[in-house]
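K.L.:
Structure for the following, please:
(3 chains)
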Amino acid sequence: MSDIKRYKTEPLKCWGKAKELRANYYKEYKEAKSKGGICWSGGAEAIDVIPYAFGDDVHSLTAEPYAAAIAFDPEFAHRCESALESKGWARDMCAYMRNYWGSVLIDEYAFGGPFPKPDFNLQSGFCCTHAKWFQVLSLWEDVPYFNIDIATIPFWKEEFPNRLQYIVDQMHESIEFIEKVTGRECDDERLIEGVYNDSRTTSLWAKITELNQNTPAPLDEKSMYSLYVFTTLDRARKEFVDFYEELYAETKDRVDRGIAALATERFRLMSDSQPPWAFLRVWRYLEQFGVVSTGSIYTIGLEGVWDIADDWSLTPREDLKSRGVELKTRDDALRAMADWHMRRPIYAMFYNADWKSKLMMQYAKQWNCDAAMLHLNRGCEGTSLGIMENRAALIKTGLPVLTYEGNMGDDRDFDEGRTIARIDTFMEGLGLKKLT
Amino acid sequence: MITAITAGIDLGAKTVKVVILKGKEVIGRGIATTGLDQKKSAEKAFDAALKEAKIDLKDLDRVVATGVGRTEAPNANSQITEVGADAKGAIFLNPAIRTVIDIGGEEGRGIKISPEGRAVDFAINEKCAAGAGAFTEAMARALERPLKEFAELALKSTKSIPMNAQCAVFAESEVVSLIHAKTPHEDISRAVHDSIADRIISMVRRVGIEKEVLLIGGVAHNVGFVNSLNIGLKLEVIVPEYPEFIGALGAALVAAEQQE
Amino acid sequence: MFTQFKDWYQNRHDYAKDWKARTGGKVMAYMCTYVPEEILYAADVLPVRVYGSHEASDLTEQHIFGMYCPFCRDCVAQVMEGRYDYADGVMIAQACLHMRQVYSSWEIHKPTEFMYYMPFPIAVESPHARPHLVAEYKTFIEAVEKWTGKKITIDDLDRGIEILNKNRELMRKVYELRLLDNPPLTGVECMHMTSSSQMVDKREHNQALEKLLKELPSRKTDRETGIRLMIVGSECDDIEFMDMVESLNSTFVADDHCTGSRAFWNSVEPEEDRLLAIAKRYLERPPCPTKDTTKNFVRFHHVMQMAEEAKVEGAVIIQQKFCDPHEIDIPLLRQRFEDKGIRTYFLELDVTVPIGQFKIRIEAFLEMLRADELPF
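P.N.:
Next up, the predicted model:
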C-alpha cells in the first residue's frame, strides 16, 4: 500500500468519442435494413469478421453487450425478465440471455422502437447457454442461424491441429451460409483486412490494460467497462481500431505524466467476472476508501489477447500485422483469426479452475494488487465457474479476498445494502477507513 | 487514573444487545427485541444495561455501535462492523480462538482471526443457505414445542436422517414430510439441527477451521445445534457465557481502546 | 429379478474396489456419458461413472458456489469425502459447464495418476465434428496407452465395441418390454438396471441382463400398470422419488435422462475406421441438451418418438435445480408434449427431495390424468 497522497487527475479526452461511437453502433444496427444494408445478431464472441467481409453496410447487434445495456435500465430489464418468466422460463438462467430474449419477446429495442429483426444470427458456442441462445430464438424470430462451436481448450494451453481445423472448417461453412442467406459474396480482401483489424483492436486493448500495472493506475475499472465495449461490438471495424489507437496513446501519456484515475489511490484491487451492471456505483464507493480497482481477468482477457508464458505471466500479444503474419487467401485469414481468437485468457475457467487461479494470481502480481473482490455472479454460470477454488487459491497466496453475490444482468439478485456492509467489513479488516 | 466506562451496542435484526465495561470488566448487559422503532429498542437495551451497571447514561465515556442497524444507534460515537466486533470480543474472551462462528436469526458468519484479534478472512452465508436461527424457530413451532425443548430433543436421537443442506425453504418442506410420515420428533429435531450445522460448516470451511473455535450468537444457546456442529466439525466448539453479547462486547472493547 | 442390479447400485464403491482386487485392473472414474467407454474397455480399464449420494455434505461450498446444480455439488462432495479414492484415473468428456467443476476440484485437491479432459464437440450435427472427434480419440488413446503401458489394437477396440454394443442391445430389449400394455418391470427396477451399468464391468452386467431377459418376459407381477408415465430431464437417480410415484398406481414406461436411455440408446455401427465408427455413435446418439443446438431440435424428436412408442399418458419433467441446459429446453419440450395431448408435470430436484410435498403434487397430477381419461 502506498501512503495517502493526492495524484494529479484528468478526465479522459476520448470519453466523449467513446459515448458517441457506442450510440452510433446501436443506431446503425437499427437503421441498417432501411438503408439497404444487412443486420445480424450474435454473441460478442461470434467471429464477427466473417459478416464484416460482406460489406461496409453490415451491422451487428452483439447479444451480451446489448443485454448489459438493458441491465443498466432496471425498469426495462424487469419488463424483459417478466415477459420470459410469465412464459415459464427459469429465472436462474443466464441473465444476459434472459434480457435479450425478453427484449425480443416484448418487441422493444433498448434504444427505441421495436426490436429490429436480424437477417441472420451467427454465434460462437463455447458455453451451454451460448450454444442454445439462438437455437430458441430461431423458433421465435424465424431467422436463419449458424453456430460455430469453439468449445475447445484454448490454444495458449495446448495446440492441436484438429482443434484449429474444426473451427476453421465451420468458419468456411458459415461463409457459405451467409452467402446463401444474404445473396452476397464474401469479399476475401475485406475479410483479410477485417482479420488484421480484429487482431489490432484486441491487441491494443490488452496493451491499454497493461498500462494499469503502473502506480497510479491511469484508468479505473468502472471507466474501463465503458471503454472495452468496442472489443465486444465489432472488432473488425476500422473506427474502433482507430479509437483504441487513440486511447492507447492517451493512456500512455497519462502514465508518462503520472495522471491517476483516482487521486487518492492508496490501495489496489482486482475484481472478477462481469460487474453487476445496475450497481457500478459500488466502484465509486470503493474510491471513498482510496481504493482503485485496476481490472480483472475478465476486463483484460474477455477480448484482450495475450501471450501466456509457462509461468502464467501475461504479455499483450502483438497483432498479426506487427508479427509479420501474411494473409493471402480466405483460408489464411480464417485460420489466423481462429488461432487468434482462441488465445483469450477468459476461456481458462471453462476448462480448468486451476488455470484461471494461476492467471488471477499472476494478475495480482503484475498489476500490484493488494486485494481481490470477486463477484459470485448468479447471472453467468461461465464466469463464476470454479470461483470458490479461485478464491481459495488467492487466499493461499496471502491476498485478502472479498466475495459478494450478485447478478450482472438481473438486479433482483443483488443486495446493495448487504454488499456495502461486506465492503465495509473488508475495509475494516484491511485497516482502511473512508477518506471522506 | 480514572477507569473509563464504555459501552458497545449491537443492533441486530432480531435483538439489540448492550454491554457496558468499566475498563475491561463487564458491569452491565441489556437486551431488547428489535421492534419497528430501532431507536426505542436500543434505548430499552441501554436502560437495562445501565440499570445492571448502576450508572447513568452520562457516565458513559464512549459508545461504539455494531450490527446491521448500527447507523441508527443512539448515543454512538463511532461504528464497527459485526465481523470486526466479533473478532475483538472473541480474542478478549480467549486468546486461543482462531475461528469464530456467529449464527444469528438471519445471517451466519465464519471468521478467521489473527492472534491480535483481527478478522483476516470471513464468509457470510449466500442467498441459498440463509436462515439458521429463523429456521429452527419455525421448525420448533411446526412440532408445537418451545425452542429449548425442541433443541434438547435432538440429543435423544440416535438416527441421522439426511435433509436438504442448501436451502432452508426446501428443508422446511422435508420436515413437513417427516412429520406426516410420523417420524419420531427427536429424529426430526436431529435432522433439522444437522442440516443447519452442515450448511454452516460448509460455509465456514471457506475460511478454514482452526482451533480453537468459538460459537456465538443467539443460536449458540441451542444445545441441539451445538451437538450437531461438534459432530460435523469433529471437535468441541467453545460456547461462551452470554454468547449473543459477544458482538456488543467487542464494540465496547473498541470503545475502550479508542478512549485510551 | 432385479436384485443384482439394485445391489450393484447400492454398493457401487465396494464393487469397484473388489473388481480392482480381483482383476488387478485400473478404474477410471468419469463424468458425463460422452466418455468413449469402448476405448476404456479396449484398454482393460473399468469406467465408473461418478454419481452423487443424495446425502447432505458440509464439504461442498468451499469448492463449488451455491448456484450450481445439486448433482455436481453432490459429486464433488463424494470426491472430497474420499468415496472415489480407489479411482486410478479421472476423466471428463465435456458436456455441461457445471460438471467441469467436479473435474477441476478433483485435479486440484486429489489428483490421480491419470487426469484427462476431453474437449468433446458441442456442435455434434456438424460434419466437421467427426474428423475432430476422431483426432481427439487418437490423442486420448496415446495418453491411455502411456498410462497403462499397453498398446490398444484394432482387436482391442473391437472387443470394447462389442461389450458396449451388447450392453446397449440387451438393455434396449428390456426397454421393448416396457412398451407392453402391462410391462413386467417398474421404472425403479429399470433405473437400477441402467444406472448399475454405469458402475460395473459391462461384461458382468451383460450376463445379468441375459439372465434377466430369459425370465422377464414371462414375469407375472401383481401390481397394476396404472397411468403410463415418462420421466424426462437431467441426470436422475432419485429412486425414492420414482418409487413414490409408482406407488400411486402408475408406472414409468419410458425415460429420457442420462442415467437412463439417453446414455445407451444407440449402438456403434461397424466401420473400417473403428474410431470413426465410435465417434459417429457418440455424435449421433440422443443428445444431452448441451449438444442439441440447432433448429433441428434432435432431442425433442427423439423424446416425442419414445413417448409415442411407449403410449405415454403423462410426462414428469425433472430438472436438477439451476441446470441451465435443461432450463432452456424444458418450456419448449413441455409444449411439444402438450401439443401431442400428453400432460406434463415439472419438478425441481435437489440433493434430497421433500418426498411428502412431491407426493401431493404427483397425486394431483395423476388425478388430473385419470380425469382426462373419463369419457364424460
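
K.L.:
mind listing what the closest residue to C:Tyr51 other than its chain neighbours touches?
P.N.:
Leaving aside its sequence neighbours, C:Tyr51 sits nearest to C:Asp237 (CB to CB, 6 or more residues apart in numbering or on different chains; 6.1 Å). Just so you know, the C-beta spots here come from the backbone N, C-alpha and C atoms, and that holds for glycine as well. The contact partners of C:Asp237, by CB atoms under 8 Å, 6 or more residues apart in numbering or on different chains, come to C:9, C:51-52, C:191, C:195, C:259.

K.L.:
element containing C:Asp237?
P.N.:
Per DSSP states H and E: C:Asp237 is located in neither a helix nor a strand.

K.L.:
pLDDT value on it, please?
P.N.:
pLDDT for C:Asp237: 91.

K.L.:
any idea how far it lies from chain A?
P.N.:
21 Å (CB to the nearest CB, to the nearest Å).

K.L.:
For the residue nearest to C:Arg159 when sequence neighbours are not counted, grab phi and psi.
P.N.:
Leaving out its chain neighbours, the residue that sits closest to C:Arg159 by CB to CB, 6+ apart is C:Ala42, at 6.2 Å. Torsion angles at C:Ala42 (phi, psi; degrees, to the nearest 10) stand at phi -60, psi -30.

K.L.:
okay but C:Ala42 is in contact with C:Ile152, surely?
P.N.:
Yes. Counting by CB atoms under 8 Å, C:Ile152 is a contact partner of C:Ala42 at 4.9 Å.

K.L.:
if we take the contacts of C:Asp237, which one ends up nearest to chain B?
P.N.:
Distance to chain B across the contacts of C:Asp237 (CB to the nearest CB) is lowest for C:Gly52, with 11.4 Å.

K.L.:
Tell me which residue is most central in chain A.
P.N.:
A:Leu302 (4.6 Å; CA atoms, centre = their mean).

K.L.:
Any figure for the gap between it and A:Arg235?
P.N.:
Going from A:Leu302 to A:Arg235 by CB to CB, to the nearest Å gives 12 Å.

K.L.:
Likewise for B:Ala181?
P.N.:
60 Å.

K.L.:
Which one of these two is surrounded by more residues?
P.N.:
Just comparing B:Ala181 and A:Arg235: by other CB atoms under 10 Å in any protein chain shown the higher neighbour count belongs to A:Arg235, 29 against 10.

K.L.:
If I look at residue 145, what pLDDT would I see?
P.N.:
Going with chain A. Looking at A:Tyr145, its pLDDT stands at 94.

K.L.:
was after chain C, sorry
P.N.:
We have a pLDDT of 98 for C:Glu145.

K.L.:
Ramachandran angles for it?
P.N.:
phi -60, psi -40.

K.L.:
Next: A:Asp119.
P.N.:
phi -80, psi -30.

K.L.:
Which residue ranges of the stretch 51-200 of chain A form strands?
P.N.:
A:58-62, A:120-125, A:145-149 (DSSP state E, counting those that start in this stretch).

K.L.:
Now mean neighbour count too, for these, in CSV please.
P.N.:
Listed next are the strands of the stretch 51-200 of chain A as CSV, based on neighbours: other CB atoms under 10 Å in any protein chain shown:
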stretch, mean neighbour count
strand A:58-62, 25
strand A:120-125, 24
strand A:145-149, 26
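
K.L.:
would you put the C-alpha positions of stretch C:284-298 in PDB?
P.N.:
Presented in PDB, the C-alpha positions along stretch C:284-298 are these (Å, rounded to 0.1, in the frame of the first residue of the first chain):
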ATOM      1  CA  GLU C 284     -25.400 -39.200 -33.300                       C
ATOM      2  CA  ARG C 285     -26.800 -40.500 -30.000                       C
ATOM      3  CA  PRO C 286     -29.800 -38.900 -28.400                       C
ATOM      4  CA  PRO C 287     -28.200 -35.700 -27.300                       C
ATOM      5  CA  CYS C 288     -27.800 -34.100 -23.900                       C
ATOM      6  CA  PRO C 289     -29.400 -30.700 -24.100                       C
ATOM      7  CA  THR C 290     -25.900 -29.100 -24.100                       C
ATOM      8  CA  LYS C 291     -25.400 -30.700 -27.500                       C
ATOM      9  CA  ASP C 292     -28.700 -30.100 -29.100                       C
ATOM     10  CA  THR C 293     -28.000 -26.700 -30.500                       C
ATOM     11  CA  THR C 294     -29.600 -26.400 -34.000                       C
ATOM     12  CA  LYS C 295     -33.000 -25.700 -35.400                       C
ATOM     13  CA  ASN C 296     -33.500 -29.400 -35.900                       C
ATOM     14  CA  PHE C 297     -34.200 -29.900 -32.200                       C
ATOM     15  CA  VAL C 298     -33.000 -33.500 -32.500                       C
END
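
K.L.:
which parts of that stretch are buried?
P.N.:
C:285-294, C:297-298 (16 or more other CB atoms under 10 Å in any protein chain shown).

K.L.:
Can you list the neighbours in contact with that stretch?
P.N.:
With CB under 8 Å, 6+ apart as the criterion, stretch C:284-298 contacts A:125, A:128, A:131-132, A:135, A:138-139, A:145, A:147, A:149, C:32-34, C:95-96, C:121-125, C:256, C:258, C:261-262, C:265-266, C:299-300, C:302-303, C:325-326, C:328-329, C:332.

K.L.:
Also stretch C:173-189?
P.N.:
C:1-2, C:5-6, C:190, C:193, C:209, C:212-213, C:216-221, C:223, C:225, C:229, C:231, C:239, C:242-243, C:245-246, C:251-255, C:261, C:309-311.

K.L.:
Quick one: distance of that stretch to the chain centre.
P.N.:
The chain centre lies 18 Å from the centre of stretch C:173-189; the measure is CA atoms, centre = their mean, to the nearest Å.

K.L.:
Can you report the mean pLDDT over the residues of that stretch?
P.N.:
97.

K.L.:
Quick one: end-to-end distance for it.
P.N.:
15 Å (CA to CA, to the nearest Å).

K.L.:
So which of the contacts of stretch C:173-189 sit within strands?
P.N.:
C:229, C:231, C:251-255 (DSSP state E).

K.L.:
Between all of the residues you listed, which two are at the greatest distance?
P.N.:
Among those, the pair separated by the greatest distance (CB to CB) is C:Thr251 and C:Asp255, at 11.6 Å.

K.L.:
Who are the contact partners of the one residue in the stretch 301-436 of chain A that gets nearest to chain C?
P.N.:
Using CB to the nearest CB, the single residue of the stretch 301-436 of chain A nearest to chain C is A:Ala353, 3.8 Å away. Residues in contact with A:Ala353 (CB under 8 Å, 6+ apart) are A:385-387, A:389-390, C:101, C:104-105, C:108.

K.L.:
Any chance of those residues in TSV with secondary structure as columns?
P.N.:
Formatted as TSV, the contacts of A:Ala353 follow (DSSP: H, G, I helix; E, B strand; the rest coil):
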residue	secondary structure
A:Leu385	coil
A:Gly386	coil
A:Ile387	helix
A:Glu389	helix
A:Asn390	helix
C:Gln101	helix
C:Ser104	helix
C:Ser105	helix
C:Ile108	helix
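
K.L.:
and the residue in the stretch 151-300 of chain A that chain C sits nearest to, what does it touch?
P.N.:
Using CB to the nearest CB, the single residue of the stretch 151-300 of chain A nearest to chain C is A:Asn162, 3.3 Å away. Neighbouring residues of A:Asn162 by CB under 8 Å, 6+ apart: C:131-132, C:135-136.
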